[in-house]
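> Just to be clear, the model below is a prediction. Sequence and coordinates:
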Amino acid sequence: MNQGNIEQYTIYNDDENQRLDSYLADVCPYLSRSYIQKQIKNNNVLVNNAETKPSYIVKAGDVVYINFKTAENCIPQPQDLPLDIKYEDNCMLVVNKPAGMLTHPTVSEYSDTLVNALLFNYAENLSTSNGHLRPGIVHRLDRNTSGLLMIAKNNDTYDFLKRQMQEHSIVKKYFAVVNGVFDNDDGTIITNIGRNPKKPEKMAVTEEGKEAITHYSVLERFDKHTLLEITIETGRTHQIRVHMSYIKHPIVNDTLYGAPSFPVKTQEQVLQAHYLKFVSPSDNCEHIVDMEFDNDIIRTLNYLRSKK
């Protein structure tokens with residue numbers, strides 16, 4: 001590998017057991033799979049400083065180095081966008097991402113994301129461990145899911161928080177209003193989740209996917225809906241949405257996963273990441289950040305309570 005602008009990525013549990021070319025296609029969504037495969041074959045991608053193949057299955061702890069030209073127009077630019085900061089120290093912050101905002105740029109959208117706002121406010125004081133499209137980003141929320149996200153200001157903090165996520169010591173809780181009424185007060189859903197083979201924009205319960213664990217408890221019941229608090233042990237893409245749809249209780253207004261029409265208009269799925277418990281490397285102490293219902297949930301609950 002020629003020396004140049006080399007980017008380095010560490011494989012964590014959430015990313016393991018997939019092909020190298022698939023992993024890099026997610027990291028670099030603006031590049032085609034064929035281009036990535038060519039770069040791997042040309043030895044412009046190394047794993048643990050060794051040459052490899054596109055079909056290599058990445059493992060937790062692997063270090064991937066890439067050194068090939070990326071599209072300049074895909075590099076996110078700073079934008080003066082509002083940031084709702086709920087916690088901050090010298091190592092990290094927790095922000096409240098509004099529904100409707102992407103966490104980071106994609107192949108088709110490079111602006112108005114949380115990353116653009118972070119770059120304006122923190123410039124170079126963000127972790128680079130997750131690549132130049134995702135500076136500071138430790139974990140993600142869907143565009144139309146609101147709520148709390150941890151942001152790392154440096155690579156050591158990124159690794160520190162990722163280790164906690166691997167150990168399941170970070171607690172993440174969500175509010176969700178779902179279709180249907182639950183008989184039981186609480187429960188756990190354990191399946192494998194992977195890409196939907198027929199609709200790549202969706203995820204699905206599949207044997208080939210990665211294990212996903214979701215716990216739920218009932219907060220309030222209505223005639224045809226239920227307010228839940230949900231705790232996730234794993235962080236699979238669309239995990240809560242897939243699991244609720246799988247048990248025939250899709251989230252209100254989650255049209256992608258089969259929710260029926262609902263009278264109250266919202267950004268889409270009525271889902272909010274409202275609670276985080278974590279240890280910050282700044283003081284090695286446990287911190288809790290918790291929020292009340294967001295506007296979409298309030299409007300949805302007001303409507304449902306008016307019908308009781």
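Now that the structure is in, tell me what you want to look at. Computed from a predicted model, the values in this text were never measured in an experiment. Residues are numbered from 1 along each chain as shown.

> CA atoms for contacts and neighbours, from now on please.
Will do.

> check contacts around the nearest residue to Met244 once chain neighbours are set aside.
Distances taken as C-alpha to C-alpha, 6 or more residues apart in numbering place Pro250 nearest to Met244, at 4.9 Å, with adjacent residues excluded. Contact analysis of Pro250 by C-alpha atoms under 8 Å, 6 or more residues apart in numbering lists 178-179, 241, 244, 257-259.

> pull the helix or strand with minimum mean pLDDT from the protein.
Across the helices and strands of the chain, mean confidence by mean pLDDT, DSSP states H and E is lowest for strand 7-10: a mean of 81.

> List the strands paired with it, with their directions.
Strand pairing for strand 7-10, determined by DSSP bridges: strand 63-66 (antiparallel).

> for the helix or strand just after the partner strand, the distance to its chain's centre please.
Counting by DSSP states H and E, the element after strand 63-66 in chain order, helix or strand, is strand 85-88. Distance of strand 85-88 from the chain centroid (C-alpha atoms, centre = their mean, to the nearest Å) equals 19 Å.

> Show residues contacting strand 85-88.
93-96, 289.

> What strand or helix carries Lys162?
Going by DSSP H and E, Lys162 is in helix 155-166.

> In that helix, which residues are buried?
Buried residues in helix 155-166, counting neighbours by 16 or more other C-alpha atoms under 10 Å, are found at 155, 157-159, 161-162, 165-166.

> Turn those residues into TSV, including distance to Lys59.
Shown next, in TSV, are those (distance: C-alpha to C-alpha, whole Å):
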residue	distance to Lys59
Asn155	20
Thr157	21
Tyr158	18
Asp159	16
Leu161	19
Lys162	15
Met165	16
Gln166	13
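
> For the closest residue to Gly61 other than its chain neighbours, the count of nearby residues, please.
Once flanking residues are discounted, Gly61 sits nearest to Ile11: 5.4 Å by C-alpha to C-alpha, 6+ apart. Neighbour count of Ile11, defined by other C-alpha atoms under 10 Å: 18.

> okay but Ile11 is in contact with Val63, surely?
Yes: assessed by C-alpha atoms under 8 Å, Ile11 is found in contact with Val63 at 6.3 Å.

> picking that back up, got the contact list for the helix or strand following the least confident helix or strand of the chain?
Sequence-wise, the next helix or strand downstream of strand 7-10 (DSSP H and E) is helix 20-27. The contact list for helix 20-27, computed with C-alpha under 8 Å, 6+ apart, reads 15, 31-33, 36-37, 40, 53-58, 130-131.
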